[in-house]
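Q: Curious how this folds, go ahead:
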Amino acid sequence: MTGGHFISVVIPALNEEEPIGVVVQEVIASGVPAEVIVVDNGSRDQTAERARAARARVVTAPRGYGRACAAGAAAVSPECDVIVFLDGDGSDCPEFIPRLVDPIFENRYDFVIGSRTGGKREPGSMNMQQLFGGYLAGFLIRTIYGVRYTDMCPFRAIRRDSLQTLGMREETYGWNLEMQMKAARGGLRILEVPVDHRCRRGGVSKVSGTLRGTFVASFRILATFLKIALAGT
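A: Sure, this is the predicted structure:
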């Protein structure tokens, strides 16, 4: 609880036994009192056990990044005002959580998203496809809704009641883009802030780590954009 606000940090994780304990510990050490919820997205390793050992609450969800995020959001405590999402691979920097939540606590914004392109990036932490995809999505969203994004960073904070109004449906990799598009379309007060980004702390990326992962994620993101932009759903 900070200034009368309750924060829930949701961390989707699939086979992240190497970094997940440290990620949870870094969230706790960020100085922002919050409940930490790790969503085990069908892991076949010790992800859940190591998350619990680090003092996170663990819930489960069927495979799919969007399903994991939705399950985490549904599991937050009733007192929750603000939900923070970040990845379980150690690439996001939890010490930046105050930079995301403070503008919401001050009632200036409803949705604050990190921009990895605006912060310091470890060499190799983002490939060219990720950088180009973020800029392209930002350009297209600005063209349609007039809202400027430079990234599709998974590290973000949103008012719980604002998230509930968005009607999120995407079950896989299009979740982040869906949130950004629906937040813009819905008139939420949106802020993008620079955040630092690191190379993953263990394991293999499910998206950029393989050609198949990159193709599947790109397809889902494109399908999500077209569905929302053209059908308005």
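Q: residues near S30, how many?
A: Neighbourhood size, S30 [other C-beta atoms under 10 Å]: 18. Yep, even glycine has a C-beta here, placed from its N, CA and C like the rest.
Q: I'd guessed it sits against R99; true?
A: No: using C-beta atoms under 8 Å as the test, S30 is too far from R99 to be in contact (10.3 Å).
Q: The nearest residue to E26 once chain neighbours are set aside: what's it in contact with?
A: Spatial nearest neighbour of E26, chain neighbours left out: P94 (4.3 Å); criterion: C-beta to C-beta, 6 or more residues apart in numbering. Neighbouring residues of P94 by C-beta atoms under 8 Å, 6 or more residues apart in numbering: V9, V23, E26, V27, A29, S30, L86.
Q: Partner strands of whichever strand or helix holds the first one and their direction?
A: Read that as V9. Using DSSP states H and E, V9 falls within strand 7-13. Sheet partners assigned to strand 7-13 using DSSP bridges are listed as strand 34-40 (parallel), strand 82-85 (parallel).
Q: what sits up against whatever helix or strand comes next after the first one?
A: Same thing as strand 34-40. For strand 34-40, the following helix or strand on the C-terminal side (DSSP H and E) is helix 47-53. With C-beta under 8 Å, 6+ apart as the contact definition, helix 47-53 has outside contacts at 11, 13-17, 20-21, 24, 38, 40, 58, 60, 88.
Q: Format these as TSV; extra columns: neighbour count.
A: Output for the contacts of helix 47-53, formatted as TSV (neighbours: other C-beta atoms under 10 Å):
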residue	neighbour count
I11	29
A13	28
L14	21
N15	20
E16	29
E17	19
I20	33
G21	22
V24	27
V38	31
D40	25
V58	20
T60	14
G88	31
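Q: could those residues be laid out in a markdown table, adding pLDDT and distance to F225?
A: Listed next are the contacts of helix 47-53 as a markdown table, based on pLDDT from 0 to 100; distance: C-beta to C-beta, whole Å:
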| residue | pLDDT | distance to F225 |
| --- | --- | --- |
| I11 | 98 | 25 |
| A13 | 97 | 26 |
| L14 | 96 | 23 |
| N15 | 96 | 28 |
| E16 | 97 | 27 |
| E17 | 97 | 33 |
| I20 | 98 | 30 |
| G21 | 98 | 35 |
| V24 | 98 | 32 |
| V38 | 98 | 29 |
| D40 | 98 | 29 |
| V58 | 98 | 32 |
| T60 | 98 | 29 |
| G88 | 97 | 25 |
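Q: Which of those sits closest to L188?
A: Minimum distance to L188 across the contacts of helix 47-53 is 22.8 Å, recorded for I11 (C-beta to C-beta).
Q: wait, doesn't that closest one sit right on V23?
A: Yes: using C-beta under 8 Å, I11 makes contact with V23 at a distance of 6.4 Å.
Q: list residues touching both of the two?
A: In contact with both I11 and V23: L86, G88, using C-beta under 8 Å, 6+ apart.
Q: So which bits of the longest helix anywhere in the chain are buried?
A: Determined from DSSP state H, the single longest helix within the chain is helix 128-145. Going by neighbour count (16 or more other C-beta atoms under 10 Å), the buried part of helix 128-145 is Q130, G133, G134, A137, G138, I141, Y145.
Q: Quick check: the gap between the first one and A137.
A: Applying C-beta to C-beta, to the nearest Å, the value for Q130 to A137 is 11 Å.
Q: Quick check: phi and psi at E16.
A: Backbone geometry at E16, expressed as degrees, to the nearest 10, gives phi -120, psi 40.
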